[in-house]
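In: here is my input; please provide its structure:
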Amino acid sequence: MLCFAVFDGRIQPQKERKLTKLSTECRATGVTVDTVWKNPGPKAGPFQARLGDGSIVIYYWYRFVGQPSLQDADLSDAEKEHLQAVVEKIHHQWTMEKEYLPPPATGTLATLDEALIVALPKGLEIGYMSIVTRQVYD
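Out: You can find the predicted model right below:
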């Protein structure tokens, strides 16, 4: 297996080695409490999904403004709360059955691995997003 782990926001491939699918030996994301991965931290997880290529992704659910990428964005608390309110409004109003962009006039749309469309945990339907923290290849 080849494992990719995140160390303080930097993705680094690990040496090939035998690992079980959910081995803690490979778990390296946010190894200390003080990282953006743990503070404020996820609201739910870990969860896993097996992708079409046979790999397994491990993911957590974060409040939108609690996601690691926004923690060093120099946003004030007021700016974060405004951004969170906009995201929650989008989540309330943009439903799956509506069309938001016209279909392309030429070419084809990209496809997504269906396993990437994951179920929302109860209570996290509005204002939360999934963040993949690890991918393991069998």
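In: now residue 122: how far from residue 72?
Out: Residue 122 is 31 Å from residue 72, where distance means CB to CB, to the nearest Å. The C-beta positions use only the backbone N, C-alpha and C, and glycine is treated the same way.
In: okay, how far is it across stretch 106-122, tip to tip?
Out: End-to-end distance for stretch 106-122, by CA to CA, to the nearest Å: 39 Å.
In: what are the buried residues along the strand ranked longest in the chain?
Out: For the chain, the longest strand by residue count, based on DSSP state E, is strand 128-137. Across strand 128-137, burial judged by 16 or more other CB atoms under 10 Å covers 128-136.
In: tell me how far residue 126 lies from residue 120.
Out: Applying CB to CB to residue 126 and residue 120 gives a distance of 9 Å.
In: next one: residue 82
Out: According to CB to CB, residue 82 and residue 120 sit 23 Å apart.
In: all helices for the protein, in order.
Out: For the chain, helices defined by DSSP state H occupy the ranges 77-93.
In: where along it do the strands fall?
Out: 2-7, 10-13, 44-50, 56-63, 128-137.
In: okay if I get these as TSV plus distance to residue 111 and mean pLDDT?
Out: Listed next are the strands of the chain as TSV, based on distance: least, CB to CB, whole Å; pLDDT from 0 to 100:
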stretch	distance to residue 111	mean pLDDT
strand 2-7	22	42
strand 10-13	24	44
strand 44-50	16	94
strand 56-63	17	95
strand 128-137	18	92
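In: quick one: these as CSV, columns for distance to residue 102 too.
Out: Formatted as CSV, these follow (distance: least, CB to CB, whole Å):
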stretch, distance to residue 102
strand 2-7, 36
strand 10-13, 35
strand 44-50, 30
strand 56-63, 31
strand 128-137, 26
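In: closest one to residue 94 among those strands?
Out: Nearest to residue 94 among the strands of the chain is strand 128-137 (13.5 Å), distances taken as CB to CB.
In: I'd like to know which elements the closest one is packed against.
Out: strand 2-7, strand 56-63 (3 or more CB pairs under 8 Å, 6 or more residues apart in numbering; DSSP states H and E).
In: remind me which residues of this protein are low pLDDT?
Out: Flagging of the chain using pLDDT under 70 yields the residue ranges 1-33, 138.
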